[in-house]
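Asker: What would the 3D arrangement of this be:
(one chain, ligands or ions: 1)
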Amino acid sequence: MSQQRHGNTPGNAGAVPAFPDLPEATIARLPEYLRALHNLAEAGSDTISSEGLAAAAGVNSAKLRKDLSHLGSYGTRGVGYDVTLLIDQIEYILGLDQRRAVALVGVGNLGHALAGYDGFASRGFRIVALFDADLEQVGKAINGLTVRHVGELRRAVVEDGITIGVISTPPSAAQGVADDLVAAGVTSILNFAPCVLSVPAGVDVRKVDLAIELQILSFHEHRKASLTALPGGLVGEGGNQEAVGS
Ligand SMILES: NC(=O)c1ccc[n+]([C@@H]2O[C@H](COP(=O)([O-])OP(=O)(O)OC[C@H]3O[C@@H](n4cnc5c(N)ncnc54)[C@H](O)[C@@H]3O)[C@@H](O)[C@H]2O)c1
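Answerer: Purely as a prediction, here's the structure:
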């Protein structure tokens, strides 16, 4: 996943004296730690060592300790990190305690699958509104929501308190949809359409493109094939694990 940054990140969030200025790479890893911590909590673990959490999150433990030190979380020597406390801290920093309202625009193949996925709620988000331009789609019910015409977008953003917009329209329509979302007051956009969006300062855009991830894996396949062809081959090479979005 890639990100377009426009303008400043939000300032002081209130409960901490100064909102920590986190490196982007740390922000990208926090959701991995959170997912691992939730799994540990469900399995009944109260505490976890940095090595244990690093292994569960698929990162190196020195990197994890550095990341968590940005949150003021150092763990206790010989005991590790308090799982519940760390979940609360990471959820607070990511703003997930606010259960943000999300609008999804473009309810075709991809949008339909996203709208039908139940897993977002447990990760801190509510998809509260679905929009499409096609009258064939308007009125359909998906996961308890009725698809509305995109012409209602601006009013719904205000009425439903929507802060994040997901675009799953064809690329030709994505810029217009982004403009409408921004005009309505949305300041964060997740774009699945394979195009670059132009947005004003203060609006954050993240782009998801599985084809790019596959192209990167294709590069690694290509590289491995060329190394195997050399004398000595791939001996000693470690695996390479990156989450989509890192
Ligand atoms: N990021 C990824 O990994 C990934 C994977 C698959 C598809 N995609 C992209 O996601 C997008 C959707 O793909 P799909 O297969 O679901 O396409 P689709 O044609 O099935 O769905 C697109 C939907 O957008 C609607 N739409 C068109 N213009 C609109 C507008 N102005 N406002 C609101 N809705 C509008 C259409 O009516 C349709 O329902 C495409 O841009 C595609 O390239 C991305």
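Asker: After the least confident helix or strand in the chain by mean pLDDT, which helix or strand is next?
Answerer: In the chain, the helix or strand scored least confidently by mean pLDDT, DSSP states H and E is strand 2-4, which has a mean of 61. Using DSSP states H and E, the next helix or strand after strand 2-4 towards the C-terminus is helix 24-42.
Asker: Mind listing the strands the helix or strand following that next one pairs with, and their directions?
Answerer: Next in sequence after helix 24-42, counting helices and strands by DSSP H and E, comes strand 47-48. When sheet partners are counted by DSSP bridges, strand 47-48 sits next to strand 81-82 (antiparallel).
Asker: Show me the contact partners of the strand it pairs with.
Answerer: 46-50, 53, 68, 73, 75-76 (C-beta atoms under 8 Å, 6 or more residues apart in numbering). To be clear about C-beta, it is placed using only N, CA and C from the backbone, and glycine gets the same treatment.
Asker: so who does A184 touch?
Answerer: With C-beta under 8 Å, 6+ apart, A184 has these contacts: 153-154, 157-158, 162.
Asker: In helices only, show me these.
Answerer: 153-154, 157-158 (DSSP state H).
Asker: Report how many residues lie close to V147.
Answerer: 22 (other C-beta atoms under 10 Å).
Asker: go on, G116?
Answerer: 12.
Asker: Just the buried ones from the contacts of A184, in ChimeraX syntax?
Answerer: Buried members of the contacts of A184, defined by 16 or more other C-beta atoms under 10 Å, are picked up in ChimeraX with:
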select :153,157,162
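Asker: Name the SS class of Y74, please.
Answerer: Of the three states, Y74 takes coil under DSSP: H, G, I helix; E, B strand; the rest coil.
Asker: Isn't it up against D67?
Answerer: No. Checked against C-beta atoms under 8 Å, the pair Y74 and D67 is beyond contact range at 11.6 Å.
Asker: what ranges do the strands span in this protein?
Answerer: 2-4, 47-48, 81-82, 100-105, 125-132, 141-142, 145-149, 162-167, 188-191, 204-207 (DSSP state E).
Asker: And the average pLDDT for stretch 116-129 is what?
Answerer: The average pLDDT for stretch 116-129 rounds to 89.
Asker: Kindly report the same for stretch 26-42.
Answerer: 95.
Asker: Now do it: everything it contacts.
Answerer: 22, 48, 52-53, 56-59, 63-64, 66-68, 70, 83-84, 86-87, 90-91, 93-94, 96, 123, 243, 245-246.
Asker: And stretch 137-147, by the same measure?
Answerer: 107-108, 112, 115-116, 118, 127-132, 148-149.
Asker: what's the answer for stretch 67-77, then?
Answerer: With C-beta under 8 Å, 6+ apart as the criterion, stretch 67-77 contacts 20, 22-23, 26, 29-30, 33, 47, 49-50, 65, 81-82, 85-86, 89-90, 93.
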